[in-house]
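Chemist: Could you look at this predicted model? Sequence included:
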Amino acid sequence: MPTFFEKKQLVTPGELLAEGDYLPGENSYVENGKIYASRIGLVDSDNKKVNVVALRAFYVPKMGDIIIGTIIEVGFNGWTVDIQAPYTALLRASDVLSRPFKPQNDELSAVLNAGDLIVAKIASYDRAHDPQLTVAEPGLGKITRGQILRVTPTKIPRIIGRKGSMISMIKQETNCQIILGLNGVILVTGKTPENEEVAIMVIRKIEEESHTSGLTDRITQLLKEIKQPAIIEETPQ
């Protein structure tokens, strides 16, 4: 019952991963009792299940996910939103206005227009219908400041870290508020643009090196070595 890979080895579609008493998992398939990769990524096994974590992947919505989307169209009773998925999402006007929507009185483009960014939650989704969004909770709604960066959605858990340790450290050391959209879109809002740039640089490093060991220690050391006056709060005299 051999395997033909090392943990977190980079594999390509069609590459033989295992045979015998193994099961195909994420991004792998079985053929004649052998497990093969179905896309490029990093391979690992868990309880005889062979998984390939895709290096580049679309976001697949799940109910309750917090995402960051872009308004791409203003419709008759709501907005169409790009959520970096294979399909668009819908944000209803009644959800944003918190009152009955009256087309004759409400000009939706004055509330949200094409190009606007929003933090939203996936309110509902199934394979038969496009995702429905909501912004009717604290912390959700139109983005008015900060910087946006986009990463591969599968890298978000690594940026969060175990029990939120990685993202908490970045927030603390850079004095930035950071919202991680599970669709791979991130909002960084700092006291200064310099703070934001440092946070973005660190997040990019995590994205590039997410498949390597010892990353937490390297990020910790990097933040200690950064000599960025904008991050150091002055002590009152």
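Modeler: Sure thing, it's come through.
Chemist: Output the longest helix belonging to the chain.
Modeler: Ordering each helix of the chain by length in residues (DSSP state H) puts helix 193-208 first.
Chemist: Report the backbone C-alpha coordinates of that helix in CSV.
Modeler: Taking C-alpha atoms only, helix 193-208 is exported to CSV below (Å, rounded to 0.1, in the frame of the first residue of the first chain):
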residue,chain,number,x,y,z
PRO,A,193,-0.4,54.3,4.7
GLU,A,194,3.0,53.1,6.0
ASN,A,195,1.4,50.8,8.5
GLU,A,196,-0.8,49.4,5.8
GLU,A,197,2.1,48.7,3.5
VAL,A,198,3.9,46.8,6.2
ALA,A,199,0.9,44.7,6.9
ILE,A,200,0.4,44.0,3.2
MET,A,201,4.1,43.1,2.8
VAL,A,202,3.8,40.5,5.6
ILE,A,203,0.6,39.0,4.2
ARG,A,204,2.3,38.7,0.8
LYS,A,205,5.2,36.8,2.4
ILE,A,206,2.8,34.4,4.1
GLU,A,207,1.0,33.8,0.8
GLU,A,208,4.3,33.1,-1.0
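Chemist: what does the average pLDDT come to for it?
Modeler: Average pLDDT, helix 193-208: 93.
Chemist: Who are the packing partners of it?
Modeler: If contacts are counted by 3 or more C-beta pairs under 8 Å, 6 or more residues apart in numbering; DSSP states H and E, helix 193-208 sits against strand 147-150, helix 156-160, helix 165-174, strand 176-180, strand 185-190, helix 215-225. Where you see a C-beta, it was placed from the backbone N, CA and C, and this is true even at glycine.
Chemist: Let me know which of the ones you listed is tucked in deepest.
Modeler: strand 185-190 (a mean of 22; mean count of other C-beta atoms under 10 Å).
Chemist: got the angle for it vs helix 165-174?
Modeler: 30 degrees (axes from the mean of the first three to the mean of the last three C-alpha atoms, to 10 degrees).
Chemist: Who does strand 185-190 pair with, and is each partner parallel or antiparallel?
Modeler: Sheet pairing for strand 185-190, assigned by DSSP bridges, gives strand 147-150 (antiparallel), strand 176-180 (antiparallel).
Chemist: rewinding a little: quick check: which of the helices and strands packed on helix 193-208 is nearest to A54?
Modeler: Among the helices and strands packed on helix 193-208, helix 156-160 comes nearest to A54, with 13.0 Å by C-beta to C-beta.
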